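1. Give me a model of this one.
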Amino acid sequence: MTTAFVFSGQGAQRAGMAEAWADDPAAARLFAAASDVLGHDLAAAASAPGGLGRTEVAQPLLFVCGVAAHRALGEHGVRPGAVAGHSLGEFAALVAAGALDFEEALAVVARRAAAMSAACAAAPGAMCAVVGPDAVELAAAACALCEPGETLVVANRNGPQQVVLSGTETAVARAEAAIRGRGGRAVRLKVEGAFHSALMEPASHALAGALAGLTWHAPDCWVIPNVTGEPTRDHGLLAELLGRHLLSPVQWARTAGALIRLGTGRVVECGPKPVLTALLRGCGLAASYRLAYSPEAVRTTAEALQPVA
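-> Take a look at the predicted model:
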């Protein structure tokens, strides 16, 4: 039976998520190392007014908290046989698999966040989730309404009942109206812009040099990258796919299918709230689910799980 660790993406952040790790010495050292890499106190930035709403704060914070959870689980003897992360979460997954080093990956996460924020400012956009039994059909129909000069694409294929659209404000607003007009549900996401769309091309170009400079290692467990949703241990392939990451949809439904094929019976979500847990359940992954958001939650998880990968 495989134990999978999954790592949260932007949007999962919540108030107090850094403070939850404050009393854990290992996590405190991780936050100190992160602040050295970033050049500022990450926990303080997260607790500042509006901090969690900023891409440049939220992404590094989620990454560090995800890695802290992974390392704490390892100290209790719980290690993954497979890892996956949703969008930003893929960086923490790669560190958890041993494919990337923490400091190098964090530096790229920080550059990624800054580049994405700049791209959002230069070309404003939006994202919305299409939710319900007809989500896939409604999302496809909405994309067909995109007019010349606009952008509207599927950014996240999260499951049979959730598809996320990303694009220019006018295109997203038209899509929402069309979806609601057909009796569907469209939920605007609280993000700065149109992630995983062509509007992120400037950010992808800005990040290319940093990604090329990463030091890669062979992962010690299966990694399921967002671009394909297929498990691999090929670090060369993982590097190539990470270069396409920002402009490609997150194939989370395929990720769930891969976890099912790997015989996953235990899932630990390394993040502040059970966002990915709900998506995986919606994709039919029957497993025991645990949330690792603090040292106490890690201890409870370790007591409940057999340390079997």
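2. what about Asn156, which SS state?
-> What DSSP: H, G, I helix; E, B strand; the rest coil gives for Asn156 is strand.
3. what do you get for the one 10 residues further on?
-> Here Ser166 is strand, with the state taken from three-state DSSP.
4. and it, what is it in contact with?
-> 125-127, 151-155, 172, 194-197, 199 (C-beta atoms under 8 Å, 6 or more residues apart in numbering). No exception for glycine: its C-beta is placed from N, CA and C like everyone else's.
5. nearest to Ala27, of those?
-> Nearest to Ala27 among the contacts of Ser166, counting by C-beta to C-beta, is Phe195 at 27.5 Å.
6. Show the residue spans covered by the strands in the stretch 201-309 of the chain.
-> 222-223, 264-270, 288-291 (DSSP state E, counting those that start in this stretch).
7. Using JSON lines, please lay out these together with mean pLDDT and mean neighbour count.
-> Converted to JSON lines, the strands of the stretch 201-309 of the chain look like this (pLDDT from 0 to 100; neighbours: other C-beta atoms under 10 Å):
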{"stretch": "strand 222-223", "mean pLDDT": "98", "mean neighbour count": "24"}
{"stretch": "strand 264-270", "mean pLDDT": "98", "mean neighbour count": "26"}
{"stretch": "strand 288-291", "mean pLDDT": "97", "mean neighbour count": "19"}
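8. so how far is stretch 61-68 off the chain centroid?
-> Put simply, stretch 61-68 sits 11 Å off its chain's centre (C-alpha atoms, centre = their mean, to the nearest Å).
9. How about stretch 196-213?
-> Chain-centre distance of stretch 196-213: 16 Å, with C-alpha atoms, centre = their mean.
10. just the contacts of Ser166 now: which is nearest Ala84?
-> Closest approach to Ala84 among the contacts of Ser166 (C-beta to C-beta): His196, at 15.9 Å.
11. Report the contact partners of that closest one.
-> With C-beta under 8 Å, 6+ apart, His196 has these contacts: Ser87, Val153, Ala155, Asn156, Ser166, Leu246, Leu247, Ser248, Pro249, Val250.
12. for Cys146, same thing?
-> Contacts of Cys146 (C-beta under 8 Å, 6+ apart): Leu152, Gly167, Ala171, Ala175.
13. now swap in Glu103 and tell me
-> Counting by C-beta under 8 Å, 6+ apart, Glu103 touches Ala33, Val37.
14. ok, and the helix or strand in this protein with the lowest average confidence?
-> helix 42-47 (a mean of 90; mean pLDDT, DSSP states H and E).
15. Please point out which parts of that helix sit buried.
-> By neighbour count on 16 or more other C-beta atoms under 10 Å, the buried set for helix 42-47 is Leu42, Ala43, Ala45, Ala46, Ser47.
16. how far away is the last one from Arg290?
-> Read that as Ser47. Distance, Ser47 to Arg290, by C-beta to C-beta, to the nearest Å: 26 Å.
17. now do Ala140
-> Applying C-beta to C-beta, one obtains 35 Å for the distance of Ala140 from Arg290.
18. So which residues of the stretch 101-250 of the chain form helices?
-> Using DSSP state H, counting those that start in this stretch, the helices of the stretch 101-250 of the chain run over 102-122, 135-143, 169-181, 201-212, 235-244.
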